[in-house]
Every structure is written in structure tokens, then in C-alpha cells.
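Student: Mind looking at a prediction? Sequence and model below.
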Amino acid sequence: MNAHSTKLAAAIAPPKSRMKGMMNGWNAVGLVLLTATLGISLWRVTSTEKQLYTDDVAVVRISHWQLELGYRQALQRLMDDYNAMQDERFKRGEIKKRVKVIQLPVSEKTYAQLINTNLIAHTAPDIIEMGFSRMVSGGYKAEYFVNISSLAELPNPYNAEQYLSPELDADTKRALPVMPWRDTFLDGMIGGFDRDLQGYYGVCTTFAPGGRLAVNVDMLKAATGSEDLPQTLGQLLDACAKLRAWGKANGREVWPIAATRYNTNNWTSMIAPFLRESQRAVDADRDGSVNMHEFLTASQKGVWSFSDPAMADLVAATRALSAEFPNGFTAMDRDAAMFLFTQQQSAFFQCGAWDAGTVYRLAEGKFKVKIMGSVMPGKGEKWGPKHPVNEAAMTAACSYGLYKLSPNLDVAIDFLRYWTSQAQNQRFNQEADWVPCIVGTRLTEGMKAFTPRIEGIYGGSAWLPTWEGEAIRLTLEGQMLGVQTGEITHEKMAAKMAEAIADADYGAPKVFQRSDELSRDQLRASERSIGTQALLRLLAPDKAGSENNYRAVVSTQSQGLNGMVNEAMRRCAERELPKAGAATTDGGSK
């Protein structure tokens, strides 16, 4: 074979040991890892499917977004104890299936998508934390969730004497076993009540007061020479100034108060204290509160405006406090602010009860932490004195709803009762460093600062009721955000708000028009509903009446609806009137 033939044969011949070469070295390792990964993934999917969809175990899934340190661990302990208790019941033959309650914690960023998708697909978890998703409110709530109003009137079986904490006083021990479930909640279960649907659709598990400050006591002492916590806004701002000076002297960049985008509305807590006196001129009907019509009317007539001196003080105080926040705080999330605090770049951290457990755990062994309440200008201070808004009307939080199509609804209800019993609710919240919400429960020492404040101004006095005017509300929020970042002065804000209120298309005229239309629509809907229900009652076989009765109902409702007779009611009357006439030929009408 000549040289040309040899090269040609080599070119067209398949490479020898190609697969063998691929299996050498890192390629072999990669193939093994890929195979192992696929195997583990398949095993996990299979085991999860068996865990969730087994016939001999009643599985109840709880979905929530509470990823704070301590919460999931406390909930897991609660579920483990409940599962163990149900296992004992199964062994004694008291229940037909074993029970397994599991939790599905999900990030806030994806929680709404998870709930929406599973509700539509009818595969939703059995117990769902109510929030973020629009499908847990309004008509969707009535469609997908259980109205537990009748259950709320019954005693909680896990408040029987044998389950209660031994340290309870005798009167509470006698009362709890017979109290309706809703009355065992410190807020009367209002946190789970839906005013539009007029029913209880959620079961709350905790209180979640906000507006507190976690304090790095060691850092505060280093900067101010004292461990005493600020008691007024003036003292807080003074401590912030000393913290900045201390940081500069030690070559450290210090942002006194670690805040996040969630604190962009912290100025709303100062509305009532700062604008209390101004409210008197705006409250036209003297009912102690200001509605949207009163507010806009007063603004248009010049009775009150955003140029008011009290509003100027509110803006100035808001700016002074916000100046102690980190640059770019409006884009920061809780994790970023928590990082500043735990890395001791900030001595204060704007927090709520839900953050306390995480703060305590991250600071453990590093520095001493205390919790202080919100502060207002004190006597003799600039803008003072002012009293804070009380929290007496606070309702419980972290409400959980029951999915209507749950295959184990009875177990889900039973677990929520167990979770909100006196002993278990106390233990759960103490382990998670949260605030319990059941009668007879106690807080840990570190959480006593989150006890709802009952002194101060009633929250109903807090006005600027712009919620009905979407454009006005958005303008106000945008302007106050500019105030907090130092980009907008009080004068510019006042001028912009006056312009927004006077706007013919989106301001006060539009709000009044929309309010009238909404009232009229609601009245017509109510009249239609009342008329239809009245007619159906008269048409019931056991309540048959004379032809005159039917004519009176139709006539009355027609007049109430300005002549707009409901089509269904008209057709029903035309069809049933002859029957009613025949039914009353015996000479009497009921």
C-alpha cells in the first residue's frame, strides 16, 4: 500500500478506543457524579411522593414564608410532638390513620406564585399562611378557604385542664376549657376575621408588633459612655451623632440605624402625634376621625394644607431620623440591614417582633442586645413634646387558612387547635422568640419590650386618609420618600400635593365621583340581593302566599332600584305567579 492509500485509510477509519479515552480522568468522574445526582434526585422525588401521597397516612402540609431563625425550628418541634401524640392515638385505635404534619417554608419572593399555582391546580397545601397572594383575599378567599365561624364558637379541646400550663391561676384554668375558641385569643380572633365576607377565615398564631429598635448595647456604651437606652427622639438623634463621631475617630464607617426599604413608611407612625391638633379643624362631624371627604374638602377650602406648620414639623422630624439610615436604604432588604447590625456597623436596627429571634441568635457571643420601643420628641426638645400612638387595638398576626379541598381537613383543623392552645402557643412563641396571642400565655424576658403599648394616642386619630384616592396616595408616598432621602424639601412637597389634590382628572373631583359611584353601585347590589332573597323566601313551598304578595315584592324592589328590575326576579315571578294563584284558591293567603 502506497503512502497516499495509507493516509486515506487513516482519515476514514474510526478512532480507536474513543469511548475508552472519554472514560479516562475527569470525564469518568463527571459521568459518575452525573449518574449519582440523577439517582439521588429520582430517589428524593419518589420518597417525597410517597411521603405526601400515601394512603395509610393522613399528611397535612403547612406552607409559610417565615424564614427567620427560630421560627421553623419551633414549628418543627410542635409538629413532632403532635405527630407523636397522634401515633399514640393510632396505636390505641382512637384514629384510623397515622398522622404526619410537615412544613413547607418558602421565600417571600416566590410565595405568591406557589400559592396561586397550587390553588388553581387544586393541589394547594392543607394549611396556608394568608398573605402576599391576591388569591387569599376577597372572593377567592370564599372560594378556596374554609369559613371557620361555626368552629370558632366551640371550645378548643386542647385547652382541657390536662393540657394547660401548670403555672396558670385557678380562674384561668377553669375558664379556658369552656371558652369558645375565638375568645381564647387575646384579640378575640379578629386577626382572622374578614369584614367583607363576615366570617372567620384565618387562625392567627402570634402578635407581631413593629416599630422597635434592637440596640447593640456595647457599641452604644463605647460611643456615649452609657448603656442607658434613648427614651426620646432627641436622645436618639444625640446618640446617633456620637456614634458617627466615634466611628470616625476609630476609622470605621458607622451608619447609626440599620434600616431597610420596609422602613420607608416609618413616618406614618408620627402622623397622629404631630397632626393631632390640626385634626380638630378638619374633623367636620366631630366623630373623632377624619374620612376622605372631610380631608379633601378641608384641603380645597383652605382649612388645612400640606403647608401647615405641624406638617412642616413632621417632615423635618422624618428627615432628621432618616438621615441616620444607611445610604441606599430604600433598596435594602432585611438581610442587608441585619448584616450591618451584626457586623457592628450600626448600633440600632429597625425591627419588629419577627426579627427579634434572629437578632438574638446572630448577636449571641458577640455583643449584648436590648430592645427599645419607638420614641417621640420629649419635653423641651425640638418638635416636642409628643406622645406615641398606642397599640391597644392591635390584632394577632401570621394568620393561617384552611384549604377547602384538603383531603385531611379534619386533621388540619385539629392541628391548628393544638397550635393555638394555651400551653403550645406559649411554648412555640417562646422558643421562636415571638409574642404569643392566647389568653394565659407569657412572653420571654427578652420579648417583653414587644408587649403592645396601651398608653398614648388612639390610632384612629392618625389621619391623612388618602387610601381612596390612588393618585393622591401615590403622590404623597413618592414625596415623602424624597423627603427621607433628602431630595425634596417641605415646600416642594406641599406644592406638589396641592397640585395633585386639585387635579381634575386624578385629584379630589375624581375621588368624589368615584366615591359616589361606588356608593350607588353598592346600594344597587344590596337592593338586588335583598329583593331576590325576599322573593325566594316567598316562593318556598312551605311559605306560598297570594298573588298580591308577589306583586308587592316585585313592585317594591323595582322602585328601590329606580325601575331597574332584576331580570332573574322578573322571570321567576312570571313563571311562579300562576302557580301561587292556584295554590291559594282555597281562600286564604299566608
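Tutor: Looks like it arrived, so ask away. Numbering: from 1, shown residues only.
Student: Skipping adjacent residues, who's closest to F341 in space?
Tutor: F349 (4.0 Å; Cβ to Cβ, 6 or more residues apart in numbering). C-beta: built from backbone N, CA, C; applies to glycine.
Student: Tell me the helix or strand right after the strand or helix carrying the one you found.
Tutor: Element membership of F349, judged by DSSP states H and E, is strand 348-351. The helix or strand immediately downstream of strand 348-351 is helix 353-363, counting by DSSP H and E.
Student: Counting by contacts, list what that next one packs against.
Tutor: Packing contacts for helix 353-363, counted by 3 or more Cβ pairs under 8 Å, 6 or more residues apart in numbering; DSSP states H and E, involve strand 212-216, helix 334-342, strand 348-351, strand 369-372.
Student: what ranges do the helices span in the stretch 401-550 of the chain?
Tutor: Using DSSP state H, counting those that start in this stretch, the helices of the stretch 401-550 of the chain run over 409-419, 422-432, 470-484, 490-502, 508-539, 547-560.
Student: and those helices, which is most packed in?
Tutor: helix 422-432 (a mean of 22; mean count of other Cβ atoms under 10 Å).
Student: and it, average pLDDT?
Tutor: Helix 422-432 carries an average pLDDT of 96.
Student: partners of the strand holding F349, with directions?
Tutor: strand 212-216 (antiparallel), strand 257-258 (parallel) (DSSP bridges).
Student: ok so, going back, could I get the helices and strands packed on helix 353-363 in JSON lines, plus columns for mean neighbour count and mean pLDDT?
Tutor: Listed next are the helices and strands packed on helix 353-363 as JSON lines, based on neighbours: other Cβ atoms under 10 Å; pLDDT from 0 to 100:
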{"stretch": "strand 212-216", "mean neighbour count": "23", "mean pLDDT": "93"}
{"stretch": "helix 334-342", "mean neighbour count": "19", "mean pLDDT": "89"}
{"stretch": "strand 348-351", "mean neighbour count": "26", "mean pLDDT": "91"}
{"stretch": "strand 369-372", "mean neighbour count": "18", "mean pLDDT": "92"}
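Student: L154: neighbour count?
Tutor: 12 (other Cβ atoms under 10 Å).
Student: Rebuild the strands paired with strand 348-351 as TSV, extending it with distance to G131.
Tutor: Converted to TSV, those look like this (distance: least, Cβ to Cβ, whole Å):
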stretch	distance to G131
strand 212-216	21
strand 257-258	24
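Student: and the gap between the nearest residue to C437 once chain neighbours are set aside and F415?
Tutor: Nearest residue to C437, sequence neighbours excluded (Cβ to Cβ, 6+ apart): A396, at 4.0 Å. Note on A396: its distance to F415, by Cβ to Cβ, to the nearest Å, is 18 Å.
Student: again with V375
Tutor: Using Cβ to Cβ, V375 is found at 41 Å from F415.
Student: before we move on, what about I454?
Tutor: Taking Cβ to Cβ, one finds I454 at 32 Å from F415.
Student: Same check on G469?
Tutor: 43 Å.
Student: Same question for E153.
Tutor: Counting by Cβ to Cβ, the gap from E153 to F415 is 19 Å.
Student: and what of A494?
Tutor: Where F415 is concerned, A494 sits at a distance of 53 Å (Cβ to Cβ).
Student: Please enumerate the strands of the stretch 51-200 of the chain.
Tutor: 57-64, 98-105, 127-129, 193-194, 199-200 (DSSP state E, counting those that start in this stretch).
Student: Give me whichever of those strands is most buried.
Tutor: strand 127-129 (a mean of 26).
Student: And that strand, what does it pack against?
Tutor: When contacts are defined as 3+ Cβ pairs under 8 Å, 6+ apart, strand 127-129 sits against strand 57-64, strand 397-402, helix 409-419.
Student: so how far is that strand off the chain centroid?
Tutor: Relative to its chain's centre, strand 127-129 lies at 12 Å (Cα atoms, centre = their mean, to the nearest Å).
Student: and that strand, which strands flank it?
Tutor: Here strand 127-129 is paired, per DSSP bridges, with strand 57-64 (parallel), strand 397-402 (antiparallel).
Student: Let's have these in JSON lines, adding distance to N83 and mean pLDDT.
Tutor: Output for those, formatted as JSON lines (distance: least, Cβ to Cβ, whole Å; pLDDT from 0 to 100):
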{"stretch": "strand 57-64", "distance to N83": "10", "mean pLDDT": "95"}
{"stretch": "strand 397-402", "distance to N83": "18", "mean pLDDT": "95"}
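Student: Just put these in a markdown table and tack on distance to N390.
Tutor: Formatted as a markdown table, the strands paired with strand 127-129 follow (distance: least, Cβ to Cβ, whole Å):
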| stretch | distance to N390 |
| --- | --- |
| strand 57-64 | 29 |
| strand 397-402 | 17 |
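Student: low-scoring stretches of the stretch 1-150 of the chain, by residue?
Tutor: Counting by pLDDT under 70, the stretch 1-150 of the chain has low-confidence residues at 1-26, 28, 41-55.
Student: That one: helices as residue ranges?
Tutor: Remark: helices assigned in the stretch 1-150 of the chain by DSSP H, counting those that start in this stretch are 3-12, 18-22, 26-52, 71-91, 108-120, 138-144, 149-152.
Student: picking up where we left off before, as CSV, the helices and strands packed on strand 127-129 with distance to K96 would be great.
Tutor: Shown next, in CSV, are those (distance: least, Cβ to Cβ, whole Å):
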stretch, distance to K96
strand 57-64, 9
strand 397-402, 21
helix 409-419, 11
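Student: Of these, which is nearest R77?
Tutor: Smallest distance to R77 across those (Cβ to Cβ): 11.6 Å, for helix 409-419.
Student: Let's test this: mean pLDDT of the closest one, rounded?
Tutor: 97.
Student: That one to strand 98-105, inter-axis angle?
Tutor: 70 degrees (axes from the mean of the first three to the mean of the last three Cα atoms, to 10 degrees).
Student: about what we covered before: who wins for proximity to V411 among the strands paired with strand 127-129?
Tutor: When the strands paired with strand 127-129 are compared (using Cβ to Cβ), the closest one is strand 57-64, at 4.9 Å.
Student: Now do that closest one and helix 108-120, the angle between them.
Tutor: Using the same axes, to 10 degrees: strand 57-64 against helix 108-120 is 140 degrees.
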